[in-house]
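Colleague: Quick check, what structure comes out for this input:
(2 chains)
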Number of protein chains: 2
Amino acid sequence: MSASSPLYLTLAERLAVLIKSGTFTAGDRLPSIRQTSREHQKSITTVLEAYRILEDQGLIEGRQRSGYFVKPPEILKGQFAAAQKRPATPIVVEQSAIFEAVMDSVADHQVVHFASAAPDDSMVPHAKLSTISHAIGRRLGPVALRYTPPMGHRVLRAAVSRKLLGSGIDAGPDQIITTQGATEALLLALRATTKRGDIVAVECPTYFGILNLVRDLGLKAVEIPVDPVTGLAIDDLERALKKHRIAACLVQPNFQNPLGCLMPDDHKKRLAALSARHGFTLIEDDVYGELSHHGPTPSSIALFGGDVIHCGSVSKTIAPGLRVGWVVPGQHLAEIKRLKTIQAPWNASMSELIVAEFLEAGGYDRHLRRIREVYLAQCTRLREEVIRHFPAGCQVSQPRGGFVLWLEMPPDFDSEVFAVRAIARGISVIPGSLFSSSGRMKNYVRLSCGRVIGERETAAIATLGQLAAELMQR
Amino acid sequence: MSASSPLYLTLAERLAVLIKSGTFTAGDRLPSIRQTSREHQKSITTVLEAYRILEDQGLIEGRQRSGYFVKPPEILKGQFAAAQKRPATPIVVEQSAIFEAVMDSVADHQVVHFASAAPDDSMVPHAKLSTISHAIGRRLGPVALRYTPPMGHRVLRAAVSRKLLGSGIDAGPDQIITTQGATEALLLALRATTKRGDIVAVECPTYFGILNLVRDLGLKAVEIPVDPVTGLAIDDLERALKKHRIAACLVQPNFQNPLGCLMPDDHKKRLAALSARHGFTLIEDDVYGELSHHGPTPSSIALFGGDVIHCGSVSKTIAPGLRVGWVVPGQHLAEIKRLKTIQAPWNASMSELIVAEFLEAGGYDRHLRRIREVYLAQCTRLREEVIRHFPAGCQVSQPRGGFVLWLEMPPDFDSEVFAVRAIARGISVIPGSLFSSSGRMKNYVRLSCGRVIGERETAAIATLGQLAAELMQR
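Modeller: From the prediction side, this is the model:
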């Protein structure tokens, strides 16, 4: 795979990605030469050449008269460890001292960034956004720079409404409130459904921004394990519901951050039923939902009923600096509207108008197809580098969407020491300790593969592997 | 004064504005013909013609060999009533039911708007902002659409830092945090200096957005009267400080919303000294500070020491839809940075870059001079229309900056009924009840003169006057 042009994969590269990412696993028979030729619209000669390259790379083997098969991995390690099973007790969420240092490092241009889960510049359709911005400026002039109306610009709410149909959410523009990114949406959702001292269920591990909000609102958290394949462990949630009065459950069913896993529909259905039965709110954070590596955009839990507040944004799919997000409050509409009017009554007006037009008529679907393919390639590439450079005893997640990897190190590994040493070497990573308040993620590390993986990044991974080995030898 | 071209005043119009707005008051001798000719760079003939027009309008009179004098006003009513003196008791802030209705009406394009304190479209330098936006897009491409760094883009913080020197604030870029408008700045300031149940001092009347935040944070408010000329009544604050443990005092010293008054420097000095002596934080909301009708931008309280958190934005001076504001936290920097990182870690990136460039190299000072003059003209014009059309027993404020008017009606006047009837007639105003939690502003009304006053607006004021008369007859 060429690091310098990740957007245009050769057929061999494309097939390699499918193998390395697990679409085809060891022992699988590859499609026939003829079939591959048809599916990828390549000549028989090109396909034969691609298969030869894959054979040379040791990824596949030809078997007499049977076709081509995926070889057992030599460097790929086993599936990521199962969810940790420990008793879940509501705890006060503490903020790690390392958090601000990590946040500050993100702004440092000297640093090789694996910390921030931000799209690479090349994934941002800036030329198109710029064209749209000019057109809106010409058409609306100063009108585009007024205060936004309550609930946000209607054109944006209408565009989001149509887009959400793809996730199985049936919400008209008047059931959607636009926000300054998903963080504000999550904050509004939590404020509308909880009060100080309440208990909420959170995933373990979960995005540290969620833990920050939980702590900030004076809530207690019950940490529910996340299965690396199927997401939130619903049995564990059910047990916690029997023991505690839980006001809300924060969940990322689609391409969970940091695990990248996808909750199956029957689990979503169970979760919705639990919400209805136990009378708690499901706060769904779906910022990665459209970044599936294979297959269609997965559905929202809202498709299956229950008391669901859906939160999303364009930060991972279009551009984070726009600060455009939304909340679909369901039965909490009036309260969330009220809270929004108090804490941040207006949003960035031009951003809203630009996103509305890009979603409606800017080639959003084509853009999405392109970046999905690239993120798949980048995750696969980074995963491969990690496997190559990290010492034995480390495992790495296999995300099904999004663009972060989650590394499991030996139990006594101190990811904060690791992160501090990495920053000293000019490399930013996020220590697992930020993803849990109970200290149980201290031996994990999150790496973002949002940025394109070039030579500098590859070298940085080698350095990280070396740092990890040093730490593990002590 | 021509309503259709408010930007280009004739000399007569300019002088009329100075008289009506109170720069020259009854009995004042106008500058000599020669002096006026020199100051305004107009020929003697033009000045003579202007003075003749003013004489015809009954605004001035020529006295033999003595020059021209401002005539006693015939329709201008007395100075606005003095601050209300009532005992200040901490109260729980309640939200008026009419608040959401008023907010919703702002989005209705059928309505004649006197509610929203927003700049007229013609006051927004959109062509310049658009040019800057294109240039940034070309220069930075997708880099302009990344997550903003912690504390906001440095170029913006540097530009704000230089700008604030004009208000006497000496804060480097690293002492400034940019926010999504002043509302977020105020929220951060309150959160950093108070906890639930604390008492804060607020002005009475004050901007309802401040009361919303106070209520939302579970704080109690002591309402301190505002003198229509000198602002917050410092003696009253001092009395309240002796009775209550006050954590913070929210104050708009410069062109207070809704009164438009300006706190003299010696009052600011006293306030700063009180803050130091009693150990409370002054949270200064200075969004109108640069919109002085006459004279230079007044100073921040921070110039005089004390524990001051300064909050500002470009919503009134450049464009509200940009959502660019800032907080200068003083000694609360670390805590406000921490809170910002949790509740809204990132701002609208393009907006920040555009504002930075407009402030530094976009002709901001020239723009400011222009809009100050227009707002003076608009306030004067609207004030005149109010005086012409409202029944006896109504009084109207004489703002020294900004663009809102504050109407005092007879004591039993119900401004909420008035506002509801006005909306029914397609006119939006804000009832005084929203500006106080103690119900003592029920007989007041706020009118914004941010929008250009044309025929439709003039007719609407006549309608409002009629509605007021009807209500007062009952």
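Colleague: May I see the buried residues of stretch A:196-204?
Modeller: Buried residues in stretch A:196-204, counting neighbours by 16 or more other Cβ atoms under 10 Å in any protein chain shown, are found at A:198-204. Glycine gets a C-beta too; all of them are placed from N, C-alpha and C.
Colleague: Kindly indicate which of those residues lies nearest A:Leu232.
Modeller: Checking those against A:Leu232 by Cβ to Cβ gives A:Glu203 as the nearest, at 5.5 Å.
Colleague: Tell me who's in contact with the nearest residue to that closest one once chain neighbours are set aside.
Modeller: Nearest non-adjacent residue to A:Glu203, counting by Cβ to Cβ, 6 or more residues apart in numbering or on different chains: A:Val226, 4.8 Å away. Contact analysis of A:Val226 by Cβ atoms under 8 Å, 6 or more residues apart in numbering or on different chains lists A:83, A:203-206, A:232-233, A:256, A:259, A:261.
Colleague: what's the spacing between A:Val226 and A:Leu213?
Modeller: The gap separating A:Val226 from A:Leu213 is 18 Å, by Cβ to Cβ, to the nearest Å.
Colleague: Next, the buried residues of the biggest helix by length in chain A.
Modeller: Ranked by residue count and defined by DSSP state H, the top helix of chain A is helix A:364-389. Neighbour counts over helix A:364-389 (16+ other Cβ under 10 Å) mark A:364, A:367-368, A:371-387, A:389 as buried.
Colleague: re the thing from before, among the contacts of A:Val226, find me the one that's closest to chain B.
Modeller: Taking Cβ to the nearest Cβ as the measure, chain B lies nearest A:Thr206 of these, at 15.0 Å.
Colleague: phi, psi of the closest one?
Modeller: Here is the backbone geometry of A:Thr206 (degrees, to the nearest 10): phi -140, psi 160.
Colleague: Check A:Leu190 too.
Modeller: Phi and psi for A:Leu190, reported as degrees, to the nearest 10, are phi -70, psi -40.
Colleague: confidence score at it?
Modeller: What the model reports as pLDDT for A:Leu190 is 98.
Colleague: Just to check, it is in contact with A:Leu217?
Modeller: Yes: between A:Leu190 and A:Leu217 there is a contact under Cβ atoms under 8 Å: 5.7 Å.
Colleague: picking up where we left off before, which of the buried residues of stretch A:196-204 sit farthest apart?
Modeller: Across the buried residues of stretch A:196-204 (Cβ to Cβ), the longest gap, 18.3 Å, separates A:Asp198 and A:Cys204.
Colleague: show me what contacts the nearest residue in space to A:Tyr375 that is not next to it in sequence?
Modeller: With sequence-adjacent residues excluded and distances taken as Cβ to Cβ, 6+ apart, A:Tyr375 is closest to A:Phe403, at 4.6 Å. By Cβ under 8 Å, 6+ apart, the contact set of A:Phe403 is A:117, A:119, A:291, A:316, A:375, A:378-379, A:448-450.
Colleague: In helices only, show me these.
Modeller: Of the contacts of A:Phe403, the ones assigned to helices by DSSP H are A:375, A:378-379.
Colleague: picking up where we left off before, just the CA trace of the host helix or strand of the residue nearest to A:Glu203, in PDB.
Modeller: Assigned by DSSP states H and E, A:Val226 belongs to strand A:220-227. Taking Å, rounded to 0.1, in the frame of the first residue of the first chain, the C-alpha atoms of strand A:220-227 are listed here in PDB:
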ATOM      1  CA  LYS A 220     -22.000   9.100  39.400                       C
ATOM      2  CA  ALA A 221     -21.000   6.500  36.800                       C
ATOM      3  CA  VAL A 222     -21.500   2.800  36.600                       C
ATOM      4  CA  GLU A 223     -19.000   1.400  34.200                       C
ATOM      5  CA  ILE A 224     -20.400  -1.300  31.900                       C
ATOM      6  CA  PRO A 225     -17.900  -3.400  30.000                       C
ATOM      7  CA  VAL A 226     -17.700  -3.200  26.200                       C
ATOM      8  CA  ASP A 227     -17.300  -6.400  24.200                       C
END
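Colleague: neighbouring strands for it, and are they parallel or not?
Modeller: Counting by DSSP bridges, the strands paired with strand A:220-227 are strand A:91-92 (antiparallel), strand A:199-204 (parallel), strand A:231-232 (antiparallel).
Colleague: residue of the stretch 151-300 of chain A with the smallest distance to chain B?
Modeller: Residue of the stretch 151-300 of chain A nearest chain B, by Cβ to the nearest Cβ: A:Asn212 (4.4 Å).
Colleague: I'd say that residue and B:Ile342 touch.
Modeller: Yes: the pair A:Asn212 / B:Ile342 is scored as a contact, 4.4 Å apart, by Cβ under 8 Å.
Colleague: who's in contact with A:Glu39?
Modeller: Taking Cβ under 8 Å, 6+ apart, we find A:Glu39 in contact with A:Pro31.
Colleague: how does chain A divide into domains?
Modeller: Residue ranges for the domains of chain A, per automatic domain parsing: A:11-70, A:96-122+A:366-473, A:126-363.
Colleague: Mind telling me which of those domains the model trusts least?
Modeller: Lowest mean pLDDT within the domains of chain A: domain A:11-70, at a mean of 81.
Colleague: Tell me which stretches of the stretch 201-350 of chain A form strands.
Modeller: A:220-227, A:231-232, A:246-251, A:281-285, A:308-313, A:325-328 (DSSP state E, counting those that start in this stretch).
Colleague: now what about the fourth one, what contacts it?
Modeller: Read that as strand A:281-285. Outside strand A:281-285, the residues that touch it by Cβ under 8 Å, 6+ apart are A:182, A:186, A:189-190, A:193, A:207, A:210, A:247-253, A:271-272, A:275, A:300-302, A:306-312, A:332.
Colleague: Narrow those to just the buried residues.
Modeller: The buried subset of the contacts of strand A:281-285 - by 16+ other Cβ under 10 Å - is A:182, A:186, A:189-190, A:193, A:207, A:210, A:247-253, A:271-272, A:275, A:300-302, A:306-312, A:332.
Colleague: sorry, back to before: so which of the buried residues of stretch A:196-204 comes closest to A:Arg38?
Modeller: Checking the buried residues of stretch A:196-204 against A:Arg38 with Cβ to Cβ, the nearest one is A:Glu203 at 41.7 Å.
Colleague: That closest one against A:Leu232, yeah?
Modeller: Yes: in this structure A:Glu203 lies within contact range of A:Leu232 using Cβ under 8 Å: 5.5 Å.
Colleague: any shared contact partners between those two?
Modeller: Joint contacts of A:Glu203 and A:Leu232 (Cβ under 8 Å, 6+ apart) are A:224, A:226, A:251, A:256.
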